[in-house]
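[1] Okay, sequence plus prediction incoming.
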Amino acid sequence: MATDQNVPFIPDVRRSYVEARGVRFHVTEAGEGRPVLALHGWPQHHYVYRDLLADPPEGLRIIAPDLPGYGWSGPPPHRWAKEDVASDLLALMDVMGLGKDVLLVGHDWGGFVGYRMVLREPERFRGFLVMNMAHPWAPKGDVARQGWRLLAYQPLMASVGVPLQRRTRFLERLFEAGTAGRNRMDRETAGIFAERFRDPLVARTARDTYRTFLLKEIPASVRAPETRRATVPVRALFGKGDAAVHYSLAAAETARADDYTLELVEGCGHFIVDERPELVRERLVELDRETR
């Protein structure tokens, strides 16, 4: 049982540590029934799914691990190559005995890694709800046109990300800019996320996430674009006001998928799970219903 004093409170959840592929995962779960593996992004941790965890939909078991090196999970034995993280999470599924009737949910980097999981081992998943993340088939021209968005923060994170997260209010300002209107994230919630990145291990993990992406994964994707086709139903939910990732990179017309839909959400920014938790719940319940 996890007993860390600084883990944010969520009522009636079950917490544990699970060892898988050299990672000591901190796992928070709630509910019973069909497993839902819910993956967070940067700069967050499992608490992004607090609404689902506090009140899990009937018949669903919400499982929200902190990704390797994030939140309260231990460090990964690698530099956060996304295929390695996918392997870590697939190993976690094995250790937890999740079987082959799993729904996958992913936001931001959790969505990026989630695509690698469903493309590599589609037989393990019944559906994928992905939020505010480009799909892996975005055309090079579209990526190039939106590349300026990456330059706004990713080179900073890849270079001076550790002191930036630990010693400034960069993350708090990012949460304020990344959420929209009446759904803007409150200071207390932003502080819960930002405070964890004061930890040097977590800050280094975030830096490595972007360093590996910019220096290795983008060049590799240019040399060898993704050709695998998604056979798992994919439901993309996208805050239209996202300043970090443009919704054109998740277009249905360019997705190599048997069953893919994109829903744009007006008045919503990048942090859609925090801004529109009721909509995320509705779409998860719908995906569960249609894949039974």
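    Sure, I can see it.

[2] all helices for the chain, in order.
    50-54, 82-96, 109-120, 140-145, 147-151, 154-167, 170-178, 187-196, 200-212, 218-223, 272-275, 277-290 (DSSP state H).

[3] buried residues in the fourth one?
    For helix 140-145, a neighbour-count test (16 or more other C-beta atoms under 10 Å) marks V143 as buried. C-beta: built from backbone N, CA, C; applies to glycine.

[4] That one - what's its average pLDDT?
    Mean pLDDT, helix 140-145: 92.

[5] how close does the most centrally placed residue in the chain sit to D288?
    Compute the mean C-alpha point of the chain, and by C-alpha atoms, centre = their mean the closest residue is G110, 2.2 Å away. Noted for G110: a distance of 18 Å to D288, by C-beta to C-beta, to the nearest Å.

[6] where does D108 fall, phi/psi-wise?
    Torsion angles at D108 (phi, psi; degrees, to the nearest 10) stand at phi 60, psi -130.

[7] Just give me the neighbour total for it.
    Here the number of neighbours of D108 (other C-beta atoms under 10 Å) works out to 25.

[8] Low-confidence ranges, this protein, go.
    1-5 (pLDDT under 70).

[9] let's see it at 90
    Low-confidence segments of the chain (pLDDT under 90): 1-6, 147-152, 177-184.

[10] quick one on the thing from earlier: out of the helices of the chain, which gets nearest to L103?
    Shortest distance between L103 and the helices of the chain, using C-beta to C-beta, is found for helix 277-290: 6.2 Å.

[11] Okay, buried residues for that closest one please.
    Buried residues in helix 277-290, counting neighbours by 16+ other C-beta under 10 Å, are found at P277, L279, V280, R281, R283, L284, L287, D288.

[12] Alright, calling it a day.
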